Structure formats: structure tokens, C-alpha cells
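**Student:** return atomic coordinates for the entry below.
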Amino acid sequence: MAAQLRRPFKAMKSLCVYCGSRSGRDPDFAVAARFIGQEAARKGVRIVYGGGKMGLMGITAGAARDAGGRVFGVIPDFLVELEGILENVDHKIVKTMHERKMLMFEESDAICALPGGIGTLEELIETLSWARLALHHKPIIVLNQKGFWTPLRDLFQHLVDKGFAAPELLKDLTFVERPQDVFAAMDASRVRALAE
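**Tutor:** Prediction:
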């Protein structure tokens with residue numbers, strides 16, 4: 001598994017999106033999810049996501065699909081009935097959540113966290129933990145739209161301040177405020193990687 005995680009990325013051709021299976025109360029989050037899906041399609045970036053058709057997940061993937069983009073969903077078999085599967089996109093049905101997360105990670109060149117719940121948070125934290133352990137160098141972009149993830153950023157700073165995390169922790173994440181900035185952050189990460 002570690003060898004798979006360390007595999008270097010060469011180009012930003014696929015974006016793993018962590019986001020809610022709910023849409024949230026603020027309609028602007030759905031607007032942002034739709035934009036990211038459409039922009040990914042326009043740029044030729046494949047969306048990799050959790051496979052369901054509900055919430056921000058379904059909105060992002062559906063927007064990419066409807067704009068002619070490529071989409072790859074990964075969903076555990078026990079969630080198929082609960083969340084449904086988005087039609088007319090490539091899917092892989094797996095057995096466990098662990099398989100889902102690993103395959104989503106392996107199939108992507110960059111990761112972006114949109115607003116979401118405990119599942120989104122857990123995915124983001126695990127990916128960040130892998131980065132801290134130098135198991136990967138994929139960019140991790142956090143869409144902090146309307147300050148959604150500011151409390152999490154503050155918590156990370158608290159961990160650093162109290163001596164439980166290295167100051168580099170926050171450098172493993174790129175926080176952006178607008179959905180338009182997600183792809184600029186991907187491009188900037190690629191330029192930095194090519195320069196190293």
C-alpha cells in the first residue's frame with residue numbers, strides 16, 4: 001500500500017473531490033459544486049468522487065458529466081441503495097469504505113475538499129495524515145467558501161501551537177476561498193512539482 005501511495009503524479013488530469021452527500025443549507029455551496037464539475041469538464045480534468053448521486057457529490061459529478069467531462073465514481077456496495085448511483089458515468093463498486101478511499105486516492109492527481117460532513121472531514125484528515133508521513137505529494141486543496149473550513153484551519157493551528165503537529169502541517173493544505181481558485185491551485189502545484 002505504501003508503495004502505491006508514494007507513486008509520484010506527473011500531470012493534473014484527475015481531481016478527487018471530497019464533499020457532502022447532502023447539499024447543506026447554503027445554496028451557494030451547490031453553485032460552487034456545479035462550477036467545479038463544469039470547469040473540470042472544460043479543462044479535461046476527470047472528476048473522481050464517492051459514487052453517489054445525492055448532495056454535493058451528485059451535483060459535482062453530474063455537472064461534469066452533463067458538460068461532457070469524464071467522471072469516475074467509487075462506492076461501497078452497502079451504500080448503493082442508500083445513495084444511489086449517478087447514471088452514465090464510470091463506476092466501481094467495492095466492498096469497504098477503506099477500498100473506496102484508497103481507489104479514489106490512487107485514481108487522482110489532486111484532492112479537493114468541498115463543504116461536507118463527517119465523511120468529508122474523515123477523508124480530508126486521512127489524506128493529510130498520509131502527506132504528513134510523506135506517503136504522497138499530491139496537492140490537497142480545501143475550498144473554504146464562506147469560511148466553511150475556517151474552524152478546521154484554526155484547529156490545525158491549535159495543534160501546531162500546542163506542539164502536537166509540525167508547523168509544516170498547514171503547508172500541506174492549500175485553502176482557497178472561491179471555486180474558481182481550485183484549478184489555479186492545481187496548476188500552481190504542478191508548476192512547483194515540475195520545478196523540483
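
**Student:** following element in sequence after the helix or strand bottoming out on mean pLDDT in the chain, please.
**Tutor:** In the chain, no helix or strand scores lower on mean pLDDT, DSSP states H and E than helix 2-6, which sits at a mean of 46. Note on helix 2-6: by DSSP states H and E, the next helix or strand toward the C-terminus is strand 14-18.

**Student:** so what strands line up beside that next one?
**Tutor:** strand 46-49 (parallel), strand 110-113 (parallel) (DSSP bridges).

**Student:** nearest residue to Leu152 in space, please, no chain neighbours.
**Tutor:** Leu121 (7.4 Å; CB to CB, 6 or more residues apart in numbering). Glycine gets a C-beta too; all of them are placed from N, C-alpha and C.

**Student:** neighbours of that neighbour, how many?
**Tutor:** Using other CB atoms under 10 Å, Leu121 has 14 neighbouring residues.

**Student:** mind checking how far it is from Phe175?
**Tutor:** 15 Å (CB to CB, to the nearest Å).

**Student:** likewise Asp181?
**Tutor:** Asp181 is 9 Å from Phe175, by CB to CB.

**Student:** quick one: Thr60 and Phe35 touch, right?
**Tutor:** No: with contact defined as CB atoms under 8 Å, Thr60 does not count as touching Phe35 (9.1 Å).
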